[in-house]
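1. how does the following fold in three dimensions:
(chains A, B and C)
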Amino acid sequence: MSDESPKYSIQVLERTNLLMDLLAQSSSSLSLKELAARSELNISTCHRILNDLVISQFVEHLPGGRYQLGLRLLELGNLVKNRLNIQELAYPQMQELHRKTGETINLSIKQGNDIVYIERCWSGQSGVHVVRPIGGRAPLHLTAVGKLFLADLDAVELLDYVHKTGIPASTSKSVNEFERLKNELAAINQQGFSIDNEELEEGVRCLAAAIFNEQGKVVAGLSLSAPAQRIQYAWSQDLRRAAKGISRELGCHL
DNA sequence: CACCGATAATATGGATCAGG
DNA sequence: CCTGATCCATATTATCGGTG
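-> As a prediction, this is how the structure comes out:
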C-alpha cells in the first residue's frame, strides 16, 4: 500500500481513517484491544472513535465486542461504482477477449501509486487462472497496467513516483532500476502495449493496453493475466484493438 | 481569498467501574 | 484476572472572525 496522502489537518479523521484501514486489512473482525494495539492509540480513544463509527454504521459492533467494517461503506461504495461507467463500456470487449483467449481479463484504474482492479472477466472452468480480487491493489511499476500509467507521466512526475516509492522489487524479475524502467516505458509508448513478465508474481505474466479519455490521457488499462507459459504475445494486439475501441467510446479521437 | 491566531470546544488518556 | 465501558480534569484542537 503506497498512499502518499497529504497531511491531515484534523487528527481524529486521521485516526478514524487509520482504524478503518486496520479493519480493512484484517481478514477477520478485531477486538478493541487489538485495534488499540495495532493503531497505537489509547484504548479509550479507540473506543470512542469506534463508537461513533458504529453509530454512523461505517463499522459494525458484533456481539462479543468485536469490530468489522459496516454496510454503510457498501452503500457509499456502490454510489461510487455507479459513477464508473467505464466498466459498462469495457465489459463487452472484455468478454470478447476472454472468449478468444480463455484467460482472465482485468480492467484497472490508477489510484495514488497503485492500480486498483475494478472489473474482471473470467470463468472458473478448466485449469489454473490468475485472478486478482476486484478492489485489490498493486504497485504501478510492477504491473502491466501500472506501467501504462507510468508511461503517460512526464519526466518530473515519473521521478517523483520513483523517489516516493523507491520502486521496490517483488520478484527476481521486477524492474527496480530507474534507467531500465525509463527505457521500458519509452518502448511501451512506441508499441502501444505493456508487459509484466513475472515482475509482480513469479509464474504470472500480463499484457495490457491503455484506455484513453477524450483528452488523450490514460484513464484505465485493459489487461490479460495468465500463467507465464500460456501467454501468447499476439494477444497484445487484441488488447490494443479492444482498448482503442473503448477509448473511442469515451470520446478519444487519436 | 488565503492565512493567522485567540478562544471556545473537544478529544485525550489515566483512573475507575462493570462484568464474564 | 482480563477486557471493555465510562468518567473527568486538562491538554490539544477546530473554529471563526479578522487581517494583509
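
2. and the residue in the stretch 51-200 of chain A positioned nearest to DNA strand B, how many neighbours does it have?
-> With Cβ to the nearest atom of the strand, the shortest gap between the stretch 51-200 of chain A and DNA strand B falls at residue A:52, namely 7.9 Å. (Each C-beta comes from the backbone N, C-alpha and C, glycine too.) Residues within reach of residue A:52, counting by other Cβ atoms under 10 Å, total 13.

3. buried set for the host helix or strand of it?
-> Following DSSP states H and E, one finds residue A:52 within helix A:43-55. By 16 or more other Cβ atoms under 10 Å, the buried positions in helix A:43-55 come out as A:46, A:49-50, A:53.

4. likewise for stretch A:65-74?
-> A:67, A:69-70.

5. let me know the closest of these to residue A:17.
-> Residue A:17 has its nearest neighbour among these in residue A:69, at 12.5 Å by Cβ to Cβ.

6. that closest one and residue A:61 touch, don't they?
-> No - between residue A:69 and residue A:61 there is no contact under Cβ atoms under 8 Å: 11.5 Å.

7. so what touches the strand or helix carrying residue A:160?
-> Secondary structure assignment for residue A:160, by DSSP H and E: helix A:155-165. With Cβ atoms under 8 Å, 6 or more residues apart in numbering as the test, helix A:155-165 has contacts from A:2, A:4, A:113, A:139-141, A:150, A:153, A:167, A:178, A:181-182, A:185.

8. could you do stretch A:88-97 as well?
-> Counting by Cβ under 8 Å, 6+ apart, A:105, A:107, A:119-121, A:211, A:220, A:222, A:224, A:235, A:238-239, A:242, A:245-246, A:249-250 sit against stretch A:88-97.

9. can you do 6 Å?
-> A:105, A:107, A:121, A:242, A:245-246, A:249 (Cβ atoms under 6 Å, 6 or more residues apart in numbering).

10. CA atoms of that stretch as PDB?
-> Taking Å, rounded to 0.1, in the frame of the first residue of the first chain, the C-alpha atoms of stretch A:88-97 are listed here in PDB:
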ATOM      1  CA  GLU A  88     -20.000  -0.800 -18.600                       C
ATOM      2  CA  LEU A  89     -18.300   0.300 -21.800                       C
ATOM      3  CA  ALA A  90     -15.400  -2.100 -21.300                       C
ATOM      4  CA  TYR A  91     -17.300  -5.200 -20.300                       C
ATOM      5  CA  PRO A  92     -18.500  -6.400 -23.700                       C
ATOM      6  CA  GLN A  93     -14.900  -6.000 -25.000                       C
ATOM      7  CA  MET A  94     -13.600  -7.900 -22.000                       C
ATOM      8  CA  GLN A  95     -16.000 -10.700 -22.600                       C
ATOM      9  CA  GLU A  96     -14.900 -10.900 -26.200                       C
ATOM     10  CA  LEU A  97     -11.200 -11.000 -25.200                       C
END
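
11. figure out how far that stretch is from the centre of its chain.
-> 18 Å (Cα atoms, centre = their mean, to the nearest Å).

12. re earlier: quick check on the contacts of helix A:155-165: which are buried?
-> Buried among these by 16+ other Cβ under 10 Å: A:113, A:139-141, A:150, A:167, A:181-182, A:185.

13. can you add secondary structure, pLDDT and distance to DNA strand C and give those back as JSON lines?
-> Converted to JSON lines, these look like this (DSSP: H, G, I helix; E, B strand; the rest coil; pLDDT from 0 to 100; distance: Cβ to the nearest atom of the strand, whole Å):
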{"residue": "A:113", "secondary structure": "coil", "pLDDT": "92", "distance to DNA strand C": "26"}
{"residue": "A:139", "secondary structure": "strand", "pLDDT": "95", "distance to DNA strand C": "31"}
{"residue": "A:140", "secondary structure": "helix", "pLDDT": "95", "distance to DNA strand C": "31"}
{"residue": "A:141", "secondary structure": "helix", "pLDDT": "96", "distance to DNA strand C": "35"}
{"residue": "A:150", "secondary structure": "helix", "pLDDT": "95", "distance to DNA strand C": "35"}
{"residue": "A:167", "secondary structure": "coil", "pLDDT": "93", "distance to DNA strand C": "34"}
{"residue": "A:181", "secondary structure": "helix", "pLDDT": "93", "distance to DNA strand C": "39"}
{"residue": "A:182", "secondary structure": "helix", "pLDDT": "93", "distance to DNA strand C": "41"}
{"residue": "A:185", "secondary structure": "helix", "pLDDT": "94", "distance to DNA strand C": "40"}
